[in-house]
Each structure stands twice: as C-alpha cells, then as structure tokens.
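Enquirer: Fold the following.
(one chain, ligands or ions: 1)
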Amino acid sequence: MYLVRLIYCSTSVQELNINDIEQIIHIAKENNARHNVSGLLCFNRKYFLQCLEGSRTNVNKTYRSILNDPRHNNIVLLEYNEITQREFQQWSIGYVSENSITKPLCMKYSGHSEFTPYEMRGQSCLNMMLELRDSVIII
Ligand SMILES: Cc1cc2nc3c(=O)[nH]c(=O)nc-3n(C[C@H](O)[C@H](O)[C@H](O)COP(=O)(O)O)c2cc1C
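Expert: Residues are numbered from 1 along each chain as shown. This is a model prediction of the structure:
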C-alpha cells in the first residue's frame, strides 16, 4: 500500500455559501475517514487548494470523484508524490477558511499578496499548508 500525496487547485463555478461548503466537507469527511484518506482543504471563495494523502488506490479514487464534481472547474494537478509519512493525519479533511489565508502568508509563498494557487509551485502550496497546519485552528 504505497502512501502518496496529491495536491490540486480548482475554481469554484459559482459563489458558494457556508452551507455549500459544509455539504462538501460532510461528505468528504465520511468518505475520507472510511478510506483512510487525510488532508486539508483551503478555500478563499474563489479558489480551492486541496491536499490528499493516503494509499495510492484510495487517493486516486477520491481524486477521480473530485474531478467529476460540477461545483468546480479548471482543476489543475500541482503535485503527486510517493511519500514516507503523512503530514495531515489528524484530519480526514481539515478546512482552512479564507480568513486564515492572509496576505503575508501569500506573499511568503507566491509572487502576490492574493491567494493564487495556479501560480504557485506544488512545493510552495505544500509549505503553505504545513504552515497553516501549525498556526491556525483547523475544523
Ligand atoms: C473542492 C472539493 C473538494 C472535495 N473533496 C472531497 C474529498 O476530499 N473526499 C471526498 O470523498 N469527496 C470530496 N468532494 C466531493 C466529491 O467531489 C464527490 O461529490 C463525493 O466524493 C461523492 O462522490 P460520488 O457521488 O462519486 O460518491 C469534494 C468536492 C469539491 C468540490
């Protein structure tokens, strides 16, 4: 059972409210916990950035469902690596809201003070998520 980490970003097709997000998280929590998938989801009302960790089979299956979800589009795979250990094992899907994605954090990991995951390297996305993991309250 090889462990892998996958990171992608995408764009919300319409303005999602908190209920829409809760719906996504509710299903994802159940599915990911059942399949031993862990990770983090960041959302700033426009862009999603998500990291998924787990067995290659289960991460690939989860990503396939996500690719077919009409609530977002322009899905770009930023990183896919075999890993030796998880970084987000506490969360089946930790959620980081827009308030935590601050301008200084974006400046640190990208060329902008805005959250622009499409213009970030996969490694920068991972580093940003690791910093969020260690510095903010994740639900
Ligand atoms: C941005 C985003 C992230 C998602 N993350 C997950 C996830 O981590 N795990 C998951 O099972 N579903 C996730 N979903 C929901 C899936 O796309 C899909 O609706 C759900 O897995 C049910 O799929 P199924 O109808 O094929 O069973 C996400 C959806 C969106 C829009």
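Enquirer: Kindly check the end-to-end length of stretch 1-17 for me.
Expert: Using Cα to Cα, to the nearest Å, one end of stretch 1-17 lies 37 Å from the other.
Enquirer: I should have written stretch 7-23 there, sorry.
Expert: So stretch 7-23: terminal residues 21 Å apart, Cα to Cα.
Enquirer: for stretch 101-117, same thing?
Expert: Start-to-end span of stretch 101-117 (Cα to Cα) is 11 Å.
Enquirer: Show me which residues of that stretch are buried.
Expert: Residues of stretch 101-117 classed as buried by neighbour count (16 or more other Cβ atoms under 10 Å): 101, 105, 106, 109, 110, 115, 116, 117. (Each C-beta comes from the backbone N, C-alpha and C, glycine too.)
Enquirer: Tell me the one of these nearest the ligand?
Expert: When the buried residues of stretch 101-117 are compared for distance to the ligand (Cβ to the nearest ligand atom), residue 117 wins out at 11.9 Å.
Enquirer: Off-centre distance for the longest helix along the chain?
Expert: Counting residues, the longest helix found in the chain (DSSP state H) is helix 18-34. Its chain's C-alpha centre and that of helix 18-34 lie 13 Å apart, by Cα atoms, centre = their mean, to the nearest Å.
Enquirer: Buried residues, it. List them.
Expert: Within helix 18-34, judged by 16+ other Cβ under 10 Å, the buried ones are 21, 24, 25, 28, 31, 32.
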